[in-house]
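Novice: Task: produce atomic coordinates for the following.
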Amino acid sequence: MSEDLERDLGLYSAVTLSMGAMIGGGIFVLPAVGYKKAGPAVIIAYLLAGLVVLPNALSKAEMATAIPEDGGTYLYIDRAMGPLFGTIAGLGVWFSLVFKSSFALVGLGAYLLLLVSVPSGVVKVVALVLGGIVVVLNVGGTEQSGRAQAVIVGAVVLVLAAFVLDGATLGEPGQYDPLLTEGAGGVATAAAFVFVSYAGIGEVASVAEEVSNPGRNLPLAMLTSIAVMMVIYTAVVAVVVGIVGPDTLLHGGPNGGPSLTPMADGAGDLLGGVGVVVIAAAAILALTSMANAGVLGSSRFLLAMGRDSLLPAPVRRIDRRFKTPRNAVLVTGVTLLALIAFVPVVDLAKLASAFLILVFTLENLAVVAFRETDVAFYDPIFTVPGYPLVQIVGVVGGVALLTRMGLVPALGAVGITAGGALWYLVYGRPRTDRVGAITLYFRKRVGDGEATDGVLALPERKRGD
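Specialist: The predicted model follows:
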């Protein structure tokens with residue numbers, strides 16, 4: 001079968017894919033949970049989390065223009081640090097994003113119940129149906145999936161803009177005072193917790209081979225989406241804190257816990273029942289969009305790893321009719337549906353968040369490895385301004401957030417790392433002899449004349465525009 005993918009995604013589709021991966025649970029579910037950890041300063045926590053992600057977005061944008069192929073995070077870490085780290089990152093981020101997508105579809109149940117009164121079992125059935133639709137869209141073509149994403153994200157952004165404009169003048173100043181009720185430590189903890197809200201920033205890089213004019217559109221899409229989402233998150237959370245009472249935020253959820261529908265709480269205060277319906281519908285669309293972006297992006301990790309012989313060959317096959325990695329999408333989709341049906345994905349999504357922070361940190365280091373080694377294939381069209389200070393800030397910020405995650409998420413990251421390492425040792429290592437740029441760097445430092453760029457060369461595939 002043909003190994004070529006279609007470059008169907010233009011700039012607008014790339015931006016909405018990236019935004020769609022971020023605009024779900026982070027805005028519709030997490031604000032009240034973050035409020036519990038930081039008080040009104042949860043507004044600062046969202047902004048802080050975005051600032052920590054920004055160096056990674058810049059680093060990823062540079063690497064995407066040097067390696068404009070599907071695989072994103074996996075490819076960058078693999079080529080920079082070698083196939084062991086690449087396998088750990090590829091499988092780990094794939095698991096993490098599938099968990100995140102499952103969480104999005106299950107999480108929409110709280111908003112669904114605001115629209116219709118149905119038994120809890122029906123909510124899971126709805127999540128499974130929506131998950132099936134997402135899988136079909138992704139098998140049917142990237143262009144179709146991108147169009148659906150663009151429509152959904154556009155509608156959700158309009159609803160959020162109306163919410164902010166309507167609520168900005170109605171906030172109670174007293175609800176912001178005192179701002180730092182939990183101190184600076186509370187802000188840092190909340191920032192670590194809501195960091196996952198920005199984790200989708202790299203999903204457009206995962207489909208780089210399907211983006212037209214990637215040297216221009218990939219950096220623009222990533223940087224535009226992170227800038228827009230930082231504004232949206234900060235503005236929306238500021239309005240929620242100002243118009244929803246602290247007692248509702250802290251105790252309005254199941255069993256007296258934090259509210260899982262803080263946006264709907266705010267819309268109810270603004271517009272009554274009509275506002276609740278509009279926000280609930282927007283939340284369902286946004287959370288479905290997040291799941292769609294998750295399947296689209298994470299399936300490409302499997303595709304790239306199959307191409308590099310780190311996964312069985314069938315996952316790299318491209319469907320002759322639809323020009324999509326059908327098998328990789330199906331494996332991702334089946335896993336997504338199984339998690340929804342049988343696993344408490346809310347708990348697993350929390351475990352995955354620490355691993356994502358770890359990988360974001362490694363990607364900043366990957367840019368340093370490429371730059372300092374000066375390998376022949378690394379010739380990015382876009383380069384990060386302020387190198388290496390930007391990368392140092394990103395690493396320090398990532399490590400700081402990791403220290404605030406707590407024991408259970410840290411153990412989750414360790415478990416995911418161990419699983420990826422085991423797969424590489426048992427399956428991948430006998431099938432590859434590549435090394436990463438960092439190995440080449442140290443060989444050169446010790447004067448090893450056998451070090452060559454050949455072990456780093458990308459497979460001979462169509463590089464695109």
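Novice: Pull up the per-residue confidence for residue 84.
Specialist: We note a pLDDT of 95 for residue 84 in this prediction.
Novice: Run through the residues that contact the residue lying closest to it once chain neighbours are set aside.
Specialist: Of all residues not flanking residue 84 in the chain, residue 424 sits nearest, at 5.2 Å (C-beta to C-beta, 6 or more residues apart in numbering). (C-beta placed from N, C-alpha, C; glycine too.) Counting by C-beta atoms under 8 Å, 6 or more residues apart in numbering, residue 424 makes contact with 83-84, 87-88, 310.
Novice: one more time with 7 Å
Specialist: 83-84, 87 (C-beta atoms under 7 Å, 6 or more residues apart in numbering).
Novice: Then residue 366?
Specialist: Residue 366 neighbours (C-beta under 7 Å, 6+ apart): 63, 76-77, 80-81.
Novice: repeat that for 8 Å
Specialist: Applying C-beta under 8 Å, 6+ apart to residue 366 gives the contacts 59, 63, 76-77, 79-81.
Novice: What sits closest to it if chain neighbours are left out?
Specialist: Leaving out its chain neighbours, residue 366 is closest to residue 80 (C-beta to C-beta, 6+ apart), at 3.6 Å.
Novice: Measure how buried that neighbour is and give me the count.
Specialist: Here the count is done by other C-beta atoms under 10 Å, and residue 80 has 27 residues near it.
Novice: Ok, residue 401 next?
Specialist: Residue 401: 25 surrounding residues under other C-beta under 10 Å.
Novice: Then residue 252?
Specialist: So residue 252, with other C-beta under 10 Å, has 18 neighbours.
Novice: One more: the one 3 residues further on?
Specialist: Burial measure for residue 255: 5 neighbouring residues, criterion other C-beta under 10 Å.
Novice: now swap in residue 22 and tell me
Specialist: 30.
Novice: Report the contact partners of the residue nearest to it when sequence neighbours are not counted.
Specialist: Once flanking residues are discounted, residue 22 sits nearest to residue 200: 4.3 Å by C-beta to C-beta, 6+ apart. Residue 200 sits next to 18, 20-22, 100, 290, 293-294, 297 when contact means C-beta under 8 Å, 6+ apart.
Novice: Counting neighbours, which of those residues comes out on top?
Specialist: Busiest of the contacts of residue 200 [other C-beta under 10 Å] is residue 293, holding 35 neighbours.
Novice: quick one: that residue and residue 148 touch, right?
Specialist: No - in this structure, residue 293 is not within contact of residue 148 by C-beta atoms under 8 Å, at 10.5 Å.
Novice: Off-centre distance for the helix or strand where residue 293 lies?
Specialist: For residue 293, the host element (DSSP states H and E) is helix 273-307. When distances are taken as C-alpha atoms, centre = their mean, to the nearest Å, helix 273-307 is centred 10 Å away from the chain's centroid.
Novice: Give me the mean pLDDT for that helix.
Specialist: Averaged across helix 273-307, the pLDDT comes to 85.
Novice: Relative to residue 105, how far out is residue 276?
Specialist: Distance of residue 276 to residue 105, computed by C-beta to C-beta, to the nearest Å: 21 Å.
Novice: the more surrounded of these two?
Specialist: Relative neighbour count places residue 105 above the other of residue 276 and residue 105, with 30 against 22, counting by other C-beta under 10 Å.
Novice: Dihedrals phi and psi, that one?
Specialist: Main-chain dihedrals, residue 105, degrees, to the nearest 10: phi -70, psi -40.
Novice: measure the closest residue to residue 397 other than its chain neighbours to residue 382 for me?
Specialist: Excluding the flanking residues, the one nearest residue 397 by C-beta to C-beta, 6+ apart is residue 52, at 3.8 Å. The gap separating residue 52 from residue 382 is 21 Å, by C-beta to C-beta.
Novice: who does the one helix or strand the residue nearest to residue 397 maps to touch, helix- and strand-wise?
Specialist: Using DSSP H and E, residue 52 falls within helix 42-66. When contacts are defined as 3 or more C-beta pairs under 8 Å, 6 or more residues apart in numbering; DSSP states H and E, helix 42-66 sits against helix 31-38, helix 72-81, helix 183-194, helix 203-206, helix 214-243, helix 345-373, helix 389-402.
Novice: Against which helices or strands is the first one packed?
Specialist: Right, helix 31-38. helix 42-66, helix 183-194, helix 214-243, helix 246-251, helix 262-271.
Novice: So which bits of the fourth one are buried?
Specialist: For helix 246-251, burial by neighbour count (16 or more other C-beta atoms under 10 Å) applies to 248-250.
Novice: Cool, thanks, talk later.
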